[in-house]
Each structure stands twice: as structure tokens, then as C-alpha cells.
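**Student:** Just a sequence and a predicted model for now, questions to come.
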Amino acid sequence: MPGRVRDFLRAGGFPEADGPAPASSTKRFPDGAQYRVEIPSVEGPAVLEAVLQEAAARDVLLHRISQGSGVMLLTDTELAAMAALGARAAVEVSLFARPLAGWATGAAALASGAGALAAQARGAEQLTQCLLDIERAADFGVRSVLITDIGVLATAARMRAEGYLPADLQFKISVQMGLANPASIRIAQDLGADTYNVPTDLSLSQLATIRAAVDIPLDIYIEAPDDQGGFVRHYEIAEIVRVAAPVYLKFGLRNAPNIYPSGTHLEATAVALGRERVRRARIGLDLLHRLDPDATTSERAAKGLAVPVPAANAEVPR
């Protein structure tokens, strides 16, 4: 058990960590919980069904799923099905607002040294198109959208405030926005972000300083995909919860193909990856329970979750 290891190290004069422990966060989700669980890259209703089945089989209490290919690459039938599935399972469904520069015809996003340019809305047309993606998702009952461009965020937030978008629509900020310090992430919060996915390589101390400056939940990869660093931080999970609460524990997958944009040609792969992400979540949660059995999570359909509200006649695939 962890207690025996700590006792042995202390008796031998060995430190347990590489520096002073950052301060504990006293902030919480609206229901008082410290953490919730997110499975990313759920690219369509077939993948969502598989993820929900795997979560039930492995007793993983799932609070949110997210998608990366964009609202634009879901048919009306698929979009309605994802909203209906999320509503039935009381799970937040967060869909990406696209297109962005990396998929467009501009060459700069592909240039060496372009950095985060690929994740920005390029020109007035892409700004409009991202907002149309958000509007379409909301019209189908989805109540959470993924945003990576700060102008899209600011504009969508004004639309929400003025009644052009539903008041209960939440804006989840993608890791691709790239803001990495307390001052810049507070700007995103002030512009209307409801949760913020921090860069994948931030230390516990850096996470603690961000948490001190902002109140919205932080989305933190416990395992990051290869194109986001490929970090596997399972043994940090209890400390991440302690210093960063309220936090969405996000279980990506290293050593896995990038499937964006996804579709039926990649469905079998996407389903297999989704199931493995749930397995990784089970591993992470088991470790969290061993390291900090008192860490608190939200119940299903907890206050503040942006669960879809689809039309009453929306079809759920069987």
C-alpha cells in the first residue's frame, strides 16, 4: 500500500517528491466535487455507444465526452443521435467548432514555425463558419461546444449573452488554444469560457498558480495523445486533483493514430480507441482511489454538466 512505501522512504531520509508540495485547491464544482471524468475523441454515435458500454462494463462514472472532427463532419442524423445518446446517459457531449486554419487552403498554417496558427479561425469566413457550427450544434440540443480561437469564443459569448445562442450553452476551450499562464487563462475566463483545457506539460506548481487565478474548471490530460506530447501522468492523478480542483480528468491515449477528421472509414479504429480510453480511465481512477480515497467526484447528471437537451422525438440508435 502507498502508506508503507512512504513510511519506508521517510525512515531512510528520502524525499517523496522533487520539490515543495503546491497548495491545495479549495475550489469545487457546483455540487462540491473535486473531479469529473472526460473521454475525448468520441467521433460519432457508434463510438459514443461503445464508450458508454465500456464505461458501464468497467464501472467508470463518465461525466463528459468530447469530439474533435467538428460539428461540420456529422450528418444531421449523427448529430441528433449523439445528442440523444448523451441525454439518455446524462453525459455532457462537447462537439468541436470547425473549420480552422489547419484544414483550410492557406499555406501559413503548414509552415515550419507556424505553432498554434493551425488552430485559429482564418479570416472572417472561418469565424462565421465556426459560429455556424456552434449554432447548428445548439439547434440539435447539444449544450457544450469546443472552441480553440479566442475571437470565436468572444463572439459566441456575446451571442449567448444577447440570446442568439442558448443561455445554458457551455464553451469548453480546447488544449489547442495554447494559453499557459494565469493571466492569459483568466482572459479566456473573462471572455466567457466555461472550462479550459490547459497545455499537457504544465507542472503541478504551474497548475496551482493557474487554479489560484481562475475559478472555472480545468481540463487536464492524464494521458495525452502523441501530437500533444504523449505524456502519461497517471501517478500524478491524486496531486492533480488536489491542486487543480475542480478538474476534468481527461484520458487521451498515447501510441494511437490521429483520427481527425474521422468518419466511417475509421470507425472501427475510433471505436477501439474509445474503448481503450475508458480502460485507461479505470486504471487512473483505481490509482486515484488508492492514493487519495477521499477525493470526491460528481454524481451522474450533476449540477453544471452541459447534458444535451434534444427534441423529444430524437432517435437513439439501438
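**Tutor:** Perfect, I can see it now. Residues are numbered from 1 along each chain as shown.
**Student:** Tell me where the model's unsure across this protein.
**Tutor:** By pLDDT under 70, the weakly predicted segments of the chain are 1-2, 112-115, 312-318.
**Student:** quick one: the strands in it?
**Tutor:** 35-39, 64-66, 92-96, 144-147, 170-173, 195-197, 218-223, 247-251 (DSSP state E).
**Student:** nearest to Arg275, of the ones you listed?
**Tutor:** strand 35-39 (9.8 Å; Cβ to Cβ). Bear in mind the C-beta positions are built from the backbone N, C-alpha and C, glycine included.
**Student:** ok so, going back, reformat the strands of the chain into JSON lines and put distance to Ala107 and mean neighbour count next to each item.
**Tutor:** Formatted as JSON lines, the strands of the chain follow (distance: least, Cβ to Cβ, whole Å; neighbours: other Cβ atoms under 10 Å):
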{"stretch": "strand 35-39", "distance to Ala107": "34", "mean neighbour count": "27"}
{"stretch": "strand 64-66", "distance to Ala107": "29", "mean neighbour count": "25"}
{"stretch": "strand 92-96", "distance to Ala107": "23", "mean neighbour count": "29"}
{"stretch": "strand 144-147", "distance to Ala107": "24", "mean neighbour count": "28"}
{"stretch": "strand 170-173", "distance to Ala107": "27", "mean neighbour count": "25"}
{"stretch": "strand 195-197", "distance to Ala107": "27", "mean neighbour count": "26"}
{"stretch": "strand 218-223", "distance to Ala107": "30", "mean neighbour count": "25"}
{"stretch": "strand 247-251", "distance to Ala107": "32", "mean neighbour count": "25"}
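**Student:** For these, please prepare JSON lines with the additional fields distance to Tyr235.
**Tutor:** Output for the strands of the chain, formatted as JSON lines (distance: least, Cβ to Cβ, whole Å):
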{"stretch": "strand 35-39", "distance to Tyr235": "16"}
{"stretch": "strand 64-66", "distance to Tyr235": "23"}
{"stretch": "strand 92-96", "distance to Tyr235": "27"}
{"stretch": "strand 144-147", "distance to Tyr235": "28"}
{"stretch": "strand 170-173", "distance to Tyr235": "26"}
{"stretch": "strand 195-197", "distance to Tyr235": "21"}
{"stretch": "strand 218-223", "distance to Tyr235": "10"}
{"stretch": "strand 247-251", "distance to Tyr235": "13"}
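**Student:** which one of those strands lies closest to Phe29?
**Tutor:** It's strand 35-39; of the strands of the chain, that one is closest to Phe29 (Cβ to Cβ) at 6.8 Å.
**Student:** Return the list of helices and strands in contact with the closest one.
**Tutor:** For strand 35-39, the helices and strands in contact under the criterion 3 or more Cβ pairs under 8 Å, 6 or more residues apart in numbering; DSSP states H and E are strand 64-66, strand 247-251, helix 267-291.
**Student:** The same query, at a cut-off of 6 Å, please.
**Tutor:** Counting contacts by 3 or more Cβ pairs under 6 Å, 6 or more residues apart in numbering; DSSP states H and E, strand 35-39 is packed against strand 247-251.
**Student:** Glu16: which of the strands of the chain is closest?
**Tutor:** For the strands of the chain, proximity to Glu16 was assessed by Cβ to Cβ; strand 218-223 is nearest, at 19.9 Å.
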